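Peer 1: For reference, the sequence and a predicted model appear below.
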Amino acid sequence: MDESLQEVPLAKRGPSLAGDGVGVEGDNPFHINYTAGLTAWMAQNALSLAFTTYSAGKVVLIGPGLAGNVAVSERNFGHAMALRATETGLYLSTRHQVWLFENGLENGSQLNGWDRIYMPRRSDVTGAVDVHDIAIDIDGRLLVVVTLYNCLAELNARGSFSPIWRPDFISKIINEDRCHFNGFCLENGRPAYATVIGASDTAAGWRDMRADGGMVIDVRADQLVVGGLAMPHTPRIYKDVLYVLEAGSGWFGRVDRSRGTFERLTWLPGFLRGLSFHGDFAVIGLSKPRDKIFSGLPLDGELTRRGAEPECAIYVIRLSDGAICHKLTITGSVEEIYDTAVLSGTRQPLLVGVQGEEINEYVAIGPDTSGRRPSAEYP
């Protein structure tokens, strides 16, 4: 391994810790290690990273810290999956809900050593519909992938969700995961591309298509862009390029939309999910294959051929040449990562959960108009 990629245990760096698991004895805790250059890269770019793990039910925020010590904030949320960072907040999907967290601090201020405090502000109750991806469109609509019902939907309080698109091979909106529709992205603020595991219209039919039935679909034209993929995940438009994770092979790549091909950029030792960007870098989540859903995939052959062991990790990849620059590995009770997010403008963020004392202690007051005199038009 390159010397720059040698890992440093989190405990050796005197971290700042906060969360539902801090100080709680666990039968199988998780541990974080990171390469020496990761914290310097985060500090230089004034950013922190976030990731979710649904099997362990955790959301974890990690930043370079304000005093040169790594800061970690973790919270328990059952079935924590999709993340979407905004300029001031963070969306999270859980087993029954989609949460919105907003920063409760004024710009440039700090409180108790934290420079951003993500506080729960709203929750859309969806029921257990398996929300896999989240985005806000140009009209401000909260859009989600509802995997159990095979559709893209809006959360607008007029139902658990309101379907706005489904693949043309899906005959009806029904609570059967037929094609494993797992991701979408916007282009110019509108829904543009979606990923599915297979073109199935029967319950769990996608499971027989995992190795080579994956598709990227143009939502606007209901047309196939590229097929033959092994469990594609997390389509993202970034700087006019369509990137995709081919989770079932371990390859991160881009789609040539004019030719309808998938161009491989970097191979990583794990099942890939969660793709976010900053500058010339991609941030990618890796999971260890854990059950029969992940067996019999091209990833098995890639791992064997390369003599590699699967990892639960986050990798930072340079887009210009596909080089692996930094990584963070997780061991112990956490063996999979679902999503990643880049939190720009914060070095020591705190996520306020719903189990600890912080939700009682931290209060953010909105605009105060209580001193305004009533007018004749507004008695």
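Peer 2: Good, I have the coordinates. Only a predicted model underlies this, so the values are computations on that prediction, with no experimental measurement involved.
Peer 1: what residue lies at the spatial centre of the protein?
Peer 2: The centroid of the chain falls nearest to residue 339 when counting by CA atoms, centre = their mean (2.4 Å).
Peer 1: Name the nearest residue to residue 149, sequence neighbours excluded.
Peer 2: Leaving out its chain neighbours, the residue that sits closest to residue 149 by CB to CB, 6 or more residues apart in numbering is residue 173, at 5.4 Å. In short, each C-beta sits where N, CA and C put it, glycine included.
Peer 1: For that neighbour, list the residues it contacts.
Peer 2: Residues counted as contacts of residue 173 (CB atoms under 8 Å, 6 or more residues apart in numbering) are 149-151, 163, 166.
Peer 1: how about residue 43, secondary structure?
Peer 2: helix (DSSP: H, G, I helix; E, B strand; the rest coil).
Peer 1: burial measure for the closest residue in space to it that isn't next to it in sequence, as a count.
Peer 2: Here the nearest residue to residue 43 in space, its sequence neighbours aside, is residue 64; by CB to CB, 6+ apart that works out to 3.9 Å. For residue 64, the neighbour count with other CB atoms under 10 Å is 24.
Peer 1: Can you tell me how far residue 75 is from residue 194?
Peer 2: Shown here: residue 75 relative to residue 194, a distance of 29 Å by CB to CB, to the nearest Å.
Peer 1: Over to residue 234?
Peer 2: From residue 234 across to residue 194, the span is 11 Å (CB to CB).
Peer 1: Please enumerate the shared neighbours of those two.
Peer 2: Overlap between the contact sets of residue 234 and residue 194, as judged by CB under 8 Å, 6+ apart, is given by residue 183.
Peer 1: Quick check: what element follows the least confident helix or strand in the chain by mean pLDDT along the chain?
Peer 2: Here the helix or strand of the chain ranked lowest by mean pLDDT, DSSP states H and E is strand 7-9, holding a mean of 60. Per DSSP states H and E, strand 7-9 leads on to strand 16-19 as the next helix or strand towards the C-terminus.
Peer 1: which of the residues in that next one are buried?
Peer 2: Residues of strand 16-19 classed as buried by neighbour count (16 or more other CB atoms under 10 Å): 16, 18-19.
Peer 1: again with stretch 260-269
Peer 2: Applying 16+ other CB under 10 Å to stretch 260-269 flags 262, 265-269 as buried.
Peer 1: cool, stretch 35-49 as well?
Peer 2: For stretch 35-49, by 16+ other CB under 10 Å, it's 35, 37-39, 41-43, 45, 47-49.
Peer 1: Out of those residues, the closest to residue 139 would be?
Peer 2: Checking the buried residues of stretch 35-49 against residue 139 by CB to CB gives residue 47 as the nearest, at 27.9 Å.
Peer 1: so residue 314 sits in a strand?
Peer 2: Yes: the assignment for residue 314 (three-state DSSP) places it in a strand.
Peer 1: For it, which non-adjacent residue is closest in space?
Peer 2: Excluding the flanking residues, the one nearest residue 314 by CB to CB, 6+ apart is residue 328, at 4.5 Å.
Peer 1: Wasn't that neighbour part of a helix?
Peer 2: No: remark: residue 328 does not belong to a helix; assigned using three-state DSSP, it is strand.
Peer 1: right, and it touches residue 312 too?
Peer 2: No: counting by CB atoms under 8 Å, residue 328 stays clear of residue 312, with 9.8 Å between them.
Peer 1: quick one: buried residues of stretch 63-74?
Peer 2: Quick answer for stretch 63-74 (16+ other CB under 10 Å): 63-66, 70-74.
Peer 1: Same check on stretch 159-168?
Peer 2: Within stretch 159-168, the residues scored as buried using 16+ other CB under 10 Å are 160-161, 165-167.
Peer 1: cool, and stretch 356-370?
Peer 2: By neighbour count on 16+ other CB under 10 Å, the buried set for stretch 356-370 is 358, 362.
Peer 1: Likewise for stretch 133-143?
Peer 2: For stretch 133-143, a neighbour-count test (16+ other CB under 10 Å) marks 133-135, 142-143 as buried.
Peer 1: measure residue 89 to residue 134 for me?
Peer 2: 12 Å.
Peer 1: do the same with residue 163
Peer 2: Taking CB to CB, one finds residue 163 at 16 Å from residue 134.
Peer 1: And residue 339, by the same measure?
Peer 2: 9 Å.
Peer 1: Check residue 182 too.
Peer 2: 12 Å.
Peer 1: Give me the common contacts of the two.
Peer 2: Joint contacts of residue 182 and residue 134 (CB under 8 Å, 6+ apart) are residue 145.
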